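Enquirer: A predicted structure for the sequence below; I have some questions about it.
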2 protein chains.
Amino acid sequence: MDKNVIYVSSDIKLDNDSLLLNESLFHNANGYIGVRSAFEEGYPQGYSSVRGQYINGFYDFSQAKQAENLYGLVQEKQTMLNVADTQTILIHFDNEVFSMFEGTVIKSRRWVDMEKGTTGRHVVWRSPQGKEVDITIIRMASFHQLSLFTIEILIKSINFTGDVMIESYHNGKVTNYFDPADPRTADEGFHYLQPNSCNIKYGASYITAKTSKSNLEVCSCVKNLLSGESERQFIVDDNNALCQMVTSMQSGETAKLIKYCVFADSLRVSDVSAHAAAQMKQALSVSLSELYQLQADYLSEYWANCRVEIEGDDELNTALKYNLFQMIQSVSKDEHGNIGPKGLSGEGYEGQYFWDSEMYIQPFFTVTNASISKKLISNRYETLEMAKENACRLGHKKGALYPWRTIMGKECSGYFPAGSAQYHINGDIAHSIVKYYLATKDVDFIASEGAEIIFETARLWMDAGNFYKGAFHINDVTGPDEYTCLVNNNYYTNAIAQYHLQWAAKLYYSLRKLPAFKRMQKKIQLRNEEISEFKKAAAKMYLPYDEKLKINPQDDSFLQKKQWDIATIPKRNFPLLLHYHPLHLYRYQVCKQPDTVLAHFILEDAQSLETMRNSFNYYEKCTTHDSSLSGCIFSIVAAKIGQRDKAFRYFGSSTKLDLLDLHRNTKDGIHTANMGGNYMAIVYGFGGFRLKESGICFAPMLPKRWTGYRFSICYDERRIAIHVGKEKCKFYLENGKAVSLTVYGKEHLLESKLTIKMA
Amino acid sequence: MDKNVIYVSSDIKLDNDSLLLNESLFHNANGYIGVRSAFEEGYPQGYSSVRGQYINGFYDFSQAKQAENLYGLVQEKQTMLNVADTQTILIHFDNEVFSMFEGTVIKSRRWVDMEKGTTGRHVVWRSPQGKEVDITIIRMASFHQLSLFTIEILIKSINFTGDVMIESYHNGKVTNYFDPADPRTADEGFHYLQPNSCNIKYGASYITAKTSKSNLEVCSCVKNLLSGESERQFIVDDNNALCQMVTSMQSGETAKLIKYCVFADSLRVSDVSAHAAAQMKQALSVSLSELYQLQADYLSEYWANCRVEIEGDDELNTALKYNLFQMIQSVSKDEHGNIGPKGLSGEGYEGQYFWDSEMYIQPFFTVTNASISKKLISNRYETLEMAKENACRLGHKKGALYPWRTIMGKECSGYFPAGSAQYHINGDIAHSIVKYYLATKDVDFIASEGAEIIFETARLWMDAGNFYKGAFHINDVTGPDEYTCLVNNNYYTNAIAQYHLQWAAKLYYSLRKLPAFKRMQKKIQLRNEEISEFKKAAAKMYLPYDEKLKINPQDDSFLQKKQWDIATIPKRNFPLLLHYHPLHLYRYQVCKQPDTVLAHFILEDAQSLETMRNSFNYYEKCTTHDSSLSGCIFSIVAAKIGQRDKAFRYFGSSTKLDLLDLHRNTKDGIHTANMGGNYMAIVYGFGGFRLKESGICFAPMLPKRWTGYRFSICYDERRIAIHVGKEKCKFYLENGKAVSLTVYGKEHLLESKLTIKMA
């Protein structure tokens, strides 16, 4: 059994919960399109299915009605749309249709192949009337051609002789998922997408559809190729196209269907129909096996850059690989999209983008595939004007404030205390740009796009904060922990604002002579005095510290709140947010996820190790880990402060969160930020990797149960492979120039290979 | 011109804004029913009208959809319903129908008569064809018979001879006001009330209707009597009844229509149709002139108890009288209703009840008509179980928390930071019960109802607050000022909680031997240790104090917020809540209304006069008075600290708030809490009246522009009249036993009359 192919079950479970979960776990995506892995032939009546196909960044506006309206509250949000359904295929053997819910499933399995970039389903089936067939279905969302999704079906007859009739659907009349029985979602059955043409050209069906409000258009094109096809007819109405094909077979023979599906959207191209036609032509210009090879080639390069391998724990190793595979499946490859907390695997969070992108996902790409980070930054840059409007909406006289959740750039957060009030997103974005800069030294890009974001968002701190008793305070914001909202001087927020303002000044001095920078400076009318203000605010930033506990309090009043022994809370009451009113949560020292502890990880130079250790111990007792973003960070900081076993435990459960459905919501989609966090847990946590102004650092440790692990880092046009073993850790310069690196605080020059004794 | 009759205009303005405003200002109500004063004949097409008739406490549930749902957020609210329209009457003179928008209005005026308890409209009109008539319309909501609303129309012919045909409508198919052009309110056109029968019995029309969700029923019955009636027919469908009547007249003759309208609702009676029939029979059993006399008698007694007269400023005097007249029009006379911020004059705030009842309106009734305060307290008592459920919803393990806004007892607040988080409502209710107790010594009622409320709400403080560094803290609540939400240790909240807990203990010791009290104690399982806990929390209550400014900060962090010079804010940006996002407001030292200053008024013994003076000066600079509850309190505290001119200025503009439509929203309804506050401004402010455990106190002062003023106080089964002049103030014991009172800090015995030199 190849450890890079994951078999979830050699007997496919047919209960609805398993099917829904597997729609997420086995989804196909390439960062542009995502297709949930529903069965092609569907489920019986009474089963629910989130039968969705999504395009990154393709949205409509939907209503966000406020129970009580106040000035500036969001009235409209954006929803990622389910576009045409192209995955439906029925296979008729004479008068019987293939379904795993009828007849006998003799053998079955599903898998995702993370080297090939495909998913598969294999079923040996006996029909109620005794026909036996062996069916293999391979699905692929192509990395080589992002518009392309393919389904290949191999039908091998065991004892059947006769006609096989295949009905391949292309349905334009779709909605996002809703439960008509649930009054809270019943009005979500709205047809955001309305097909405006459906026709057949050169044997392919084309459906174009328009959104209700956002004025966007999408075209999907489907072409079916069936081996030995003897008959074909199309049945077409305004919204749907059905292609019926017949082939005949004898016992032992195999028939093959290939279904090519391409998508084009008006965010990216002007003539969606023409583009879809061209994309179909391109897809058909090479064979499917060539397309499979191109897919494998793409992934081969991907894995070479981001490989992480654990020696001595195959199960964990495969789980981790699954995490990293989902990263490349989910992330946008262009600046029109970003990466949502569920990637393209489901409709959770309505496909909106959050700080997860910058704080949990970019750190992975920045050191393995920086060109993707660059696109993510460009996506933010594209929406900078809207971030300025968002700042205005909130009453600010200058600067930009990025929305807490968005697709196209406007705020979608309906509950601002745990949404728009999370001003730290400005610092998070600045932090991710600085890290990109440190990893790539891509001065031109920073001067033309990155710096403009950094300055506009830095300006916001100056308007949001104020000096009080000589210190710079930031009041009425919410930190990462959403169990404590609208607080003053959230440590994380103030610390990242300080970092942000310091770097705004640094970049100003280091880049100001570049022509691109000068153009930007003129464009945004950045004055020299503003830089002085940034420096002053950073220098005087108020960072709460408690003398008695010797920790950084989460905010000005966290420590005066009631304490709550988490161990006494009944298990059924987790996650707390589903069982307690926000006011109750706000009144207790209880955290959904790391807040100060996250600050201690990403801004470790701001505090002594002792303070971090005290903080970790204090907040660990208060934290429920109700967020999937929690365990990985606790793992990293536990590693940092030397609590090796604890670091290992946090890492293990975090890495299997989706595969074991630990949060019981993977059916709504995978957890991409958690996955990025798990990468960090091994590389930044156990590997002790840091990307600093002074260069790159490592402080490797080996969890007791492993015999070793390896990972790679791309840094400033070179790739470095690291192997950590029981006695030694080894650094290999795989390409690029020699580089100085710091291991356990001591500087070394890596020319080709470096061996260091484990601390 | 009788100064007790207010003429708004001797020429009725016909622009839509004036008409809408006057629908509120001239509405008729008696605390049970309220009818907005729309023209009987309606307005031309294109005019908007809030043509409403309301029953106090009669509601339906309506949707409160949250843009982002969190556990425990309100999903459903209550809306006071517009019940059947009984005010529509068309008068046809041959082929012409009376309308002020056609022909010529030769003369017109509208008035409210505050001694008679009626409103009137008088129009001398020439039709387009030259018919001249003199029409007088008198409307009354009867205090004697609460179910009854009458319209009397006197039609005097000046030059017309012929048939007068009157069409009197009774429309059951009504909705609450909505603007179909406004998408935010468009779905409010829902028919909450659905007529289920409409028929004629004994010449009267009956319409019964059911609510959509609250399972309530209402019956309205209408009977028309026309002098010299020659013909009559009814046109009836499922929802509406029209009575057409004809009479003939000659020049100089007068015809008279009386329309009797009665209402019965299932909150108060079981068989609404039978009750309506009985009520109609009762109304018809006496003549209209007798009904008018009963109305005048009722008001005569009302005015005797609550009379306030200003000498030397007739305009202000009339405005003040208008305020007090609206109090008796608006307040419920039974425990099934309460008093909304708009009374029964409009649909603002959806007819829900707030803390306004206890803090702004009850203080008036408690010292002028305590039996009404008793009903208001009973209304809260009726909903105590729901207040306990509300506490549960918010995660509390014990106690009751009254909803911030409600009709039938469940929380309606869609935005909890400026709603449910205003825990001070518990203290406000307790405070009002204590005041009722001090004014009446009604020990039995307190032991049976009042104390149970006080203990259950006191328990909540113990669950909401916590000890920190030896002091009792209350975190994450909102004080009266809604421009600063979710704060720690709001001074007002902590101070009123302290008062509340102290009084809970006091009442326990003074009442515990009463049988009614013992029953209550057993019912709610009140333990002795709880009383000790109350006392301890009260004694250790943390009351923020700033040593430097020598003021009580509004909360723990108010003083570290940004300052904002209100004078620099453009006039068009007021009220701020309509122009700034809440987050912006929360980040500044800016107040909508008094918060600490209100605490200094109602809990004046908690602080030194110097601290109050400092606080007043500090907060006055921060306060926009965007709430209509603001000016009156600033007037009272200005008087208290000796800023006499300022007190006078605040009082004047506050008292004319509705008549001059100073907040530009009186069309949505009058401001009852403001009106109660204006009473307090003269009696508690200039009169220096206080109702304390030690007895009643006065410290009268006379504003410079007045020659004198008088008011009355009912206290412990006696009535005291007070006259304040330039040199002396005089106290008259109008009935009851001799009483000791404190004037300017010195105790006196009032036996029949007492004269004190002005300080």
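Expert: Yes, it's here. Numbering: from 1, shown residues only, chains lettered A, B, ... in the order given.

Enquirer: alpha carbons only for contacts and neighbour counts from here, please
Expert: Will do.

Enquirer: tell me which other helices or strands the helix or strand hosting residue A:522 touches.
Expert: Per DSSP states H and E, residue A:522 falls inside helix A:515-523. Applying 3 or more CA pairs under 8 Å, 6 or more residues apart in numbering or on different chains; DSSP states H and E, one finds that helix A:515-523 contacts helix A:451-464.

Enquirer: which strands and helices sit next to the helix it packs on?
Expert: Counting by 3+ CA pairs under 8 Å, 6+ apart, helix A:451-464 packs on helix A:384-393, helix A:424-440, helix A:491-511, helix A:515-523, helix A:528-539.

Enquirer: next one, pLDDT for the spatially closest residue to residue A:127 that is not a sequence neighbour please.
Expert: Take residue A:127 and drop its neighbours on the chain: the residue closest to it by CA to CA, 6 or more residues apart in numbering or on different chains is residue A:103, 4.4 Å away. Among the per-residue scores, residue A:103 holds a pLDDT of 97.

Enquirer: next up, phi/psi of the most centrally placed residue in chain A, please.
Expert: Computing the C-alpha centroid of chain A and ranking residues by CA atoms, centre = their mean puts residue A:672 first, at 3.6 Å. Main-chain dihedrals, residue A:672, degrees, to the nearest 10: phi -60, psi -40.

Enquirer: any idea which helix or strand comes after the helix or strand bottoming out on mean pLDDT in chain A?
Expert: Here the helix or strand of chain A ranked lowest by mean pLDDT, DSSP states H and E is strand A:5-9, holding a mean of 69. Per DSSP H and E, the first helix or strand lying C-terminal to strand A:5-9 is helix A:16-25.

Enquirer: list the contacts of that next one.
Expert: A:13, A:36-38, A:47-50, A:345-346, A:658-659, A:661, A:666-670 (CA atoms under 8 Å, 6 or more residues apart in numbering or on different chains).

Enquirer: need the buried ones from the residues you listed selected in ChimeraX.
Expert: Here is the ChimeraX command that selects only those of these that count as buried (16 or more other CA atoms under 10 Å in any protein chain shown):
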select /A:36,37,38,49,50,345,346,658,659,666,667,668,669,670
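
Enquirer: hang on, the residue nearest to residue A:127 packs against residue A:128?
Expert: Yes: counting by CA atoms under 8 Å, residue A:103 does reach residue A:128; the two are 4.2 Å apart.

Enquirer: how about the residues of the stretch 201-350 of chain A by chain B?
Expert: Residues of the stretch 201-350 of chain A lying near chain B by CA under 8 Å from any CA of the partner chain: none.

Enquirer: how about the stretch 201-350 of chain A: which residue is closest to chain B?
Expert: residue A:349 (10.7 Å; CA to the nearest CA).

Enquirer: tell me if that residue really is in a strand.
Expert: No: read with DSSP: H, G, I helix; E, B strand; the rest coil, residue A:349 is helix and lies in no strand.

Enquirer: show me the contacts for it.
Expert: A:341-342.

Enquirer: same question, residue A:565
Expert: A:621-622.

Enquirer: what pLDDT is listed against it?
Expert: Note for residue A:565: predicted pLDDT of 96.

Enquirer: near chain B, which residues of chain A? Just list them.
Expert: A:64-68, A:70-73, A:75, A:393-396, A:413-415, A:421, A:466, A:468, A:475-476, A:486, A:488, A:557, A:560-562, A:577-584, A:586-587.

Enquirer: got the contact list for residue A:305?
Expert: A:368-369, A:712-714, A:719.

Enquirer: next one: the strand or helix carrying it to chain centre, how far?
Expert: Applying DSSP H and E as the criterion places residue A:305 in helix A:288-306. Remark: helix A:288-306 is offset 20 Å from the chain centroid, using CA atoms, centre = their mean, to the nearest Å.

Enquirer: tell me the buried residues in it?
Expert: A:291-292, A:294-300, A:302-303, A:305-306.

Enquirer: before we move on, what about stretch A:617-635?
Expert: A:618-635.

Enquirer: what about it, how long is it end to end?
Expert: 13 Å (CA to CA, to the nearest Å).

Enquirer: pLDDT on that stretch, on average?
Expert: 96.

Enquirer: could you do stretch A:573-591 as well?
Expert: pLDDT averaged over stretch A:573-591 gives 97.

Enquirer: export only the CA atoms of that stretch, formatted as CSV.
Expert: C-alpha atoms of stretch A:573-591 as CSV (Å, rounded to 0.1, in the frame of the first residue of the first chain):
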residue,chain,number,x,y,z
ASN,A,573,-21.5,22.0,25.7
PHE,A,574,-18.5,22.2,23.4
PRO,A,575,-17.9,24.2,21.3
LEU,A,576,-19.1,26.8,23.8
LEU,A,577,-20.2,29.2,21.1
LEU,A,578,-23.0,26.8,20.2
HIS,A,579,-24.2,26.6,23.8
TYR,A,580,-23.6,30.0,25.5
HIS,A,581,-24.7,33.5,24.8
PRO,A,582,-21.8,35.8,23.8
LEU,A,583,-22.3,38.0,26.9
HIS,A,584,-21.8,34.9,29.1
LEU,A,585,-18.6,34.0,27.3
TYR,A,586,-17.3,37.6,27.4
ARG,A,587,-17.7,37.7,31.1
TYR,A,588,-15.3,34.8,31.7
GLN,A,589,-11.6,34.1,31.3
VAL,A,590,-12.2,31.6,28.6
CYS,A,591,-10.7,31.5,25.1
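
Enquirer: pull the distance from it to the chain's centre.
Expert: 26 Å.

Enquirer: could you do stretch A:661-674 as well?
Expert: 11 Å.

Enquirer: hey, C-alpha coordinates of that stretch in PDB?
Expert: Provided in PDB are the C-alpha atoms of stretch A:661-674 (Å, rounded to 0.1, in the frame of the first residue of the first chain):
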ATOM      1  CA  ASP A 661     -13.800  14.500  11.600                       C
ATOM      2  CA  LEU A 662     -12.900  15.600  15.100                       C
ATOM      3  CA  HIS A 663     -14.900  18.900  14.900                       C
ATOM      4  CA  ARG A 664     -17.900  17.000  13.500                       C
ATOM      5  CA  ASN A 665     -18.300  19.600  10.700                       C
ATOM      6  CA  THR A 666     -15.900  18.500   7.900                       C
ATOM      7  CA  LYS A 667     -19.000  17.800   5.900                       C
ATOM      8  CA  ASP A 668     -19.200  21.600   5.400                       C
ATOM      9  CA  GLY A 669     -15.700  21.500   4.100                       C
ATOM     10  CA  ILE A 670     -12.100  20.800   5.100                       C
ATOM     11  CA  HIS A 671     -10.200  23.200   7.400                       C
ATOM     12  CA  THR A 672      -7.500  24.800   5.400                       C
ATOM     13  CA  ALA A 673      -6.200  27.100   8.100                       C
ATOM     14  CA  ASN A 674      -5.800  24.200  10.500                       C
END
